[in-house]
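*Asks:* Have a look; sequence and predicted model below, questions after that.
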Amino acid sequence: MAKKDYYEILEVDKKTSAEKIKVAYRKMAMKYHPDRNKDDKEAENKFKECAEAYEVLSNPEKRSLYDRYGYEGLKNTGVSNYGHMNINDIFSHFSDIFGEGFGFERTNNFHRVNRPSRGDDIETTVEITLEDVDKVSKKEISYNKHIKCKECKGSGCAEGKEPSSCPSCHGTGQSVQQKRQGFMVMQFSSACPNCKGKGSVISDPCKKCKGKKKILKKQNIEIKIPAGINSGQIIRIHGQGEEGDYGGRNGDFYCQIIVKEHPFLERIEDNLFLDLPVSFIDAILGTEIEIPTLQGKKNIKLEPGLKNKTILIKGVGLPNIETKKRGNQIVNVIVEVPTNLTAKQKDKIKQFSEEINQDNFPNIEEFCRKLSEK
């Protein structure tokens, strides 16, 4: 999904309190709720955008980083990849909000106490050079990931303690409400607000994870980048995202590749383009000149009397990511005329111009001939 301003997504400003942000998220989530927008992909994407915005703005640390540095400040902070997340997982992720009247019964009863849930995906970016694109390369990436707390072995409880049954829902994880409409009594089921639908509460939390069962820890992963990859393409590594809960599988790790600009070469598909400025002296007399390629420096010969032209060097472009066949390098030779001449230099050029005639300029001569015939 294209990134937008999180405050704009939730229709709030930077001074909005945490409580009002929660209210704003609930309002937007209701607006784009899947039950109200059947088979509407745009609404689904907006629903996911709202979830991502709320995760960041409802977390004081992430919000502070976002306010100071924008999206760059959130790199490796464990922000969930909602673009790849299942809608039901989003409901489960924010069960404390969706349980307040959204009705889990209406959404296929997806909320069950301690059900296996898939871990969140992790998304990051890595910059590479054109030289990296030219061959298969490997990059080691450091990122933060929530892993099971070793102190409490993922229970969230202090040593020797266990979670206790929620006194509000008696361990069911659900709160049942009845509403009368005329002669009928309607029954609605939602997540228990006390235990957030988990069915249990932690009275004596672990000192290490403070009852969250997981801690944020730095991880290192090596990714293999195929030759010929394009900027913006994403490499997916299964199972390297956040750990799942209650036996659920881990999320995935997504790495978006950003190819940095090269100081000389411009990439268009598998071909490389180079603008090569040469002096008018070299253009007149001819020369041999050294140019950069991704395979090292290469000498090319410029014939005397050179005009602005294009030189094709076959097979030194980038490899195609699918066919592996290499593109070409196209050299645009640009003849440069001197500027900022001194009076002495101008005099010498005038003397030179007096020593040559129209025969030295066949194109000008042909133009003048055609012009005189009119």
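*Replies:* Noted; the coordinates are in hand.

*Asks:* The helix or strand encompassing residue 61 packs against which elements?
*Replies:* Element membership for residue 61, per DSSP states H and E: helix 60-69. When contacts are defined as 3 or more C-beta pairs under 8 Å, 6 or more residues apart in numbering; DSSP states H and E, helix 60-69 packs onto helix 41-57. C-beta: built from backbone N, CA, C; applies to glycine.

*Asks:* which other helices and strands contact the helix it packs on?
*Replies:* helix 6-10, helix 18-31, helix 60-69, helix 87-93.

*Asks:* Which of the ones you listed sits closest to residue 225?
*Replies:* helix 60-69 (26.0 Å; C-beta to C-beta).

*Asks:* Show the model's pLDDT score for residue 36.
*Replies:* If you check residue 36, the pLDDT there is 79.

*Asks:* among the helices and strands packed on helix 41-57, which gets the worst mean confidence?
*Replies:* helix 87-93 (a mean of 66).

*Asks:* related to what we said a few turns ago, just put the helices and strands packed on helix 41-57 in CSV and tack on distance to residue 270 and mean neighbour count.
*Replies:* CSV is the format used below for these (distance: least, C-beta to C-beta, whole Å; neighbours: other C-beta atoms under 10 Å):
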stretch, distance to residue 270, mean neighbour count
helix 6-10, 37, 20
helix 18-31, 43, 16
helix 60-69, 35, 14
helix 87-93, 39, 19
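
*Asks:* Is it possible to get those helices out as TSV so that each row also shows distance to residue 37?
*Replies:* Shown next, in TSV, are the helices and strands packed on helix 41-57 (distance: least, C-beta to C-beta, whole Å):
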stretch	distance to residue 37
helix 6-10	16
helix 18-31	9
helix 60-69	27
helix 87-93	11
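
*Asks:* hang on, isn't residue 326 packed against residue 316?
*Replies:* Yes: using C-beta atoms under 8 Å, residue 326 makes contact with residue 316 at a distance of 7.1 Å.

*Asks:* Please say which of the two ends up with more neighbours.
*Replies:* Higher neighbour count among residue 326 and residue 316: residue 326, with 20 against 17, using other C-beta atoms under 10 Å.

*Asks:* Could you check how far the more buried one is from residue 269?
*Replies:* 12 Å (C-beta to C-beta, to the nearest Å).

*Asks:* likewise residue 359?
*Replies:* 44 Å.

*Asks:* Looking at these two, which has the bigger crowd around it?
*Replies:* residue 269 (11 against 7).

*Asks:* okay, the more buried one: pLDDT?
*Replies:* 92.

*Asks:* Residue 54: which of the helices and strands packed on helix 41-57 is closest?
*Replies:* Using C-beta to C-beta, these put helix 18-31 closest to residue 54, at 4.0 Å.

*Asks:* and that closest one, what other elements does it pack with?
*Replies:* Right, helix 18-31 is packed against helix 6-10, helix 41-57, helix 95-98 by 3+ C-beta pairs under 8 Å, 6+ apart.

*Asks:* circling back to that earlier point, of all the helices and strands packed on helix 41-57, which lies closest to residue 131?
*Replies:* That would be helix 60-69 among the helices and strands packed on helix 41-57, by C-beta to C-beta, at 28.6 Å.

*Asks:* quick revisit: let me have the helices and strands packed on helix 18-31 in JSON lines, extended by distance to residue 341.
*Replies:* Converted to JSON lines, the helices and strands packed on helix 18-31 look like this (distance: least, C-beta to C-beta, whole Å):
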{"stretch": "helix 6-10", "distance to residue 341": "55"}
{"stretch": "helix 41-57", "distance to residue 341": "59"}
{"stretch": "helix 95-98", "distance to residue 341": "73"}
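
*Asks:* which stretches of the stretch 1-150 of the chain have low pLDDT?
*Replies:* For the stretch 1-150 of the chain, applying pLDDT under 70 flags the ranges 1-3, 76-78, 80, 84-89, 91-115.

*Asks:* again, only this time at 80
*Replies:* For the stretch 1-150 of the chain, the stretches flagged by pLDDT under 80 are 1-4, 34-36, 72-73, 75-117.

*Asks:* Contacts for stretch 14-22 next, please.
*Replies:* Stretch 14-22 has contacts (C-beta atoms under 8 Å, 6 or more residues apart in numbering) with 7, 10, 12, 24, 54, 57-58, 60, 67, 97.

*Asks:* first to last residue in that stretch, what's the distance?
*Replies:* 14 Å (C-alpha to C-alpha, to the nearest Å).

*Asks:* and residue 73, which of the three is it?
*Replies:* Following DSSP: H, G, I helix; E, B strand; the rest coil, we place residue 73 in the helix state.

*Asks:* list the contacts for it?
*Replies:* With C-beta under 8 Å, 6+ apart, residue 73 has these contacts: 65-66.

*Asks:* Could you measure from it over to residue 52?
*Replies:* 15 Å.

*Asks:* ok, and the closest non-adjacent residue to residue 149?
*Replies:* Once flanking residues are discounted, residue 149 sits nearest to residue 209: 3.9 Å by C-beta to C-beta, 6 or more residues apart in numbering.

*Asks:* Could you do residue 274 as well?
*Replies:* residue 331 (5.0 Å).

*Asks:* contacting residues around that neighbour?
*Replies:* Residue 331 neighbours (C-beta under 8 Å, 6+ apart): 274, 276, 291, 300, 310-313.

*Asks:* got it, and residue 79?
*Replies:* Per C-beta under 8 Å, 6+ apart, neighbours of residue 79: 52, 55-56, 62, 123.

*Asks:* Tally up the residues packed near residue 215, please.
*Replies:* Residues near residue 215, counting by other C-beta under 10 Å: 17.

*Asks:* that's a helix at it, yeah?
*Replies:* No: applying three-state DSSP, one finds residue 215 to be strand, outside a helix.
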